[in-house]
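J.: Next comes the sequence, and after it the predicted model I'd like to discuss.
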Amino acid sequence: MQIEKKDIRALSKDQLRDFFVANNDKAFRGNQVYEWLWSKGAHSFEDMTNVAKTTRSMLEENFVINHIKVDTMQRSSDGTVKNAVRLHDGLVVESVLIPTETRTTACVSSQVGCSLDCNFCATARLKRMRNLEPGEIYDQILAIDKESRLYHNHPLSNIVFMGMGEPLMNYNNVIKAIDMVTSPEGLGMSPKRIMLSTSGIPKMIKKMADDDVKFKLAVSLHSAIDETRAKIMPFSKNFPLKDLREALEYWYRKTKSKISYEYVVWKGINDDKASIDALVKFCKYVPCKVNLIEYNPIDDGEFQQASEESILAYIKALENIGVVVKVRRSRGKDIDAACGQLANKEADAV
């Protein structure tokens, strides 16, 4: 029976060094291979040109590198790039490069499908098939960094976890990927340029605070009224706003990091005065800013973009209490550049 080989990127640098010592080689080989895997993004052992052929053969016999492959890439007239990313087992996720005049942002996926059931979300219609491994998350970012350099002449500047899946349902792997992205042995990116967007799982938000993470937090809120939010995001019945508020207050006490609320205004769902008043009240609990997001309908169903008058009413009410509000217009409409829960959005990670 053929034994399935382990992905070598599951090993730490120390474990790699131990592997070489156990195979009568020098420990520093582990350092070399580790650099090839992460800093240089090697897709195969043959890429490791300063490693002896016999060593490469030994690695081939014992391990695999389960790297991603960008199956199809679409470029929008506004510079947005959507990648359909094929994983080693044939499953596909999406990642998006979102450019502005001053930066490029990678919107990356954390799961194949999603564990949650948000009614407005295209990804939620796909059952969760599995979590992404740290290397698969890292590879998405590396691919977008290359595209940023190729098409926009500068390296990737920001990362948002707003693609397929709920990042906090794949917490350990997402944290490992972020650790490598921010490590000098990886991409060396500042954690302040990374934003994790969650649908709001209180105990995991508290865990992030306890783990002293340095990246930023966004919450897909969409309503500050429990009954309305439960219609939009049925799973939230298990996580009432009272619990979410407590977790966010805990987050701010521990991190002193302002929270971003992602908020879509839908016609006939949350475009009334009661919804506006509820959000205004919720924003007073913890220092925050609000991103009002233009919605791209996924069908002709109940979720339709609200009027411009409704958006302006939200802006006025929030600005009256000193909350910074930004309106996020859809990007990449001509290629349907899906970016996670909201079909399309320009993300802000700084």
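T.: Perfect, I can see it now.

J.: give me the beta-bridge partners of Trp266?
T.: Beta-bridge partners recorded for Trp266 (DSSP bridges): Gln305.

J.: quick one: contacts for it?
T.: Taking CB atoms under 8 Å, 6 or more residues apart in numbering, we find Trp266 in contact with Phe120, Ile232, Tyr295, Glu302, Phe303, Gln304, Gln305, Ala306. Quick note: C-beta positions are derived from backbone N, CA and C, even for glycine.

J.: From Glu302, how far off is the third one?
T.: Right, Tyr295. Relative to Glu302, Tyr295 is positioned 12 Å away (criterion: CB to CB, to the nearest Å).

J.: Give me the secondary structure label for the nearest residue to Ile232 once chain neighbours are set aside.
T.: Distance criterion CB to CB, 6 or more residues apart in numbering; nearest residue to Ile232, sequence neighbours excluded, is His222 at 5.2 Å. At His222 the chain is in coil, as set by DSSP: H, G, I helix; E, B strand; the rest coil.

J.: list the contacts for His222?
T.: Applying CB under 8 Å, 6+ apart to His222 gives the contacts Phe120, Arg229, Ile232, Met233, Glu262, Tyr263, Val264, Asn270.

J.: Sort out for me which of those residues are in strands.
T.: Using DSSP state E, the members of the contacts of His222 that fall in strands are Glu262, Tyr263, Val264.

J.: And the closest residue to the first one other than its chain neighbours, how far from Ile269?
T.: The shortest distance from Glu262 to any non-neighbouring residue, by CB to CB, 6+ apart, is to Ser220 (4.6 Å). With the distance defined as CB to CB, Ser220 ends up 15 Å from Ile269.

J.: Look at those two and report which has more neighbours.
T.: Using other CB atoms under 10 Å as the criterion, Ser220 and Ile269 rank with Ser220 on top: 27 against 20.

J.: you'd agree the more buried one is up against Thr198?
T.: Yes - taking contacts as CB atoms under 8 Å, Ser220 lies within contact range of Thr198: 7.0 Å.

J.: all helices for the stretch 201-350 of the chain, in order.
T.: Counting by DSSP state H, counting those that start in this stretch, the stretch 201-350 of the chain has helices at residues 202-210, 226-232, 241-255, 273-283, 308-320.

J.: For the ones you listed, give me a markdown table that also has mean neighbour count and mean pLDDT.
T.: Output for the helices of the stretch 201-350 of the chain, formatted as a markdown table (neighbours: other CB atoms under 10 Å; pLDDT from 0 to 100):
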| stretch | mean neighbour count | mean pLDDT |
| --- | --- | --- |
| helix 202-210 | 17 | 98 |
| helix 226-232 | 17 | 92 |
| helix 241-255 | 17 | 98 |
| helix 273-283 | 17 | 98 |
| helix 308-320 | 15 | 96 |
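
J.: What pLDDT is listed against the residue nearest to Glu262?
T.: We have a pLDDT of 94 for Ser220.

J.: swap in the one 5 residues further on?
T.: Taken from the predicted model, the pLDDT recorded for Ile225 is 97.

J.: quick one: Glu249 from Phe282, how far?
T.: As for Glu249, its distance to Phe282 is 11 Å (criterion: CB to CB).

J.: longest single helix anywhere in this structure?
T.: Taking DSSP state H as the criterion, the chain has its longest helix at helix 134-152.

J.: contacts for it?
T.: Among residues not part of helix 134-152, those counted as contacts by CB under 8 Å, 6+ apart are 7, 9-10, 38, 41, 65-68, 70, 73, 75, 79, 81, 83, 85, 87, 93, 95, 97, 99, 104, 106, 108-110, 154-157, 159, 163, 173-174, 176-177, 180-181, 186-187.

J.: Isn't Pro191 up against Asp212?
T.: No - if you go by CB under 8 Å, Pro191 and Asp212 don't touch, sitting 10.7 Å apart.

J.: Can you report phi and psi for Arg130?
T.: phi -170, psi 170 (degrees, to the nearest 10).

J.: about what we covered before: okay if I get the ones in strands among the contacts of His222 as CSV plus neighbour count?
T.: Shown next, in CSV, are those (neighbours: other CB atoms under 10 Å):
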residue, neighbour count
Glu262, 24
Tyr263, 22
Val264, 26
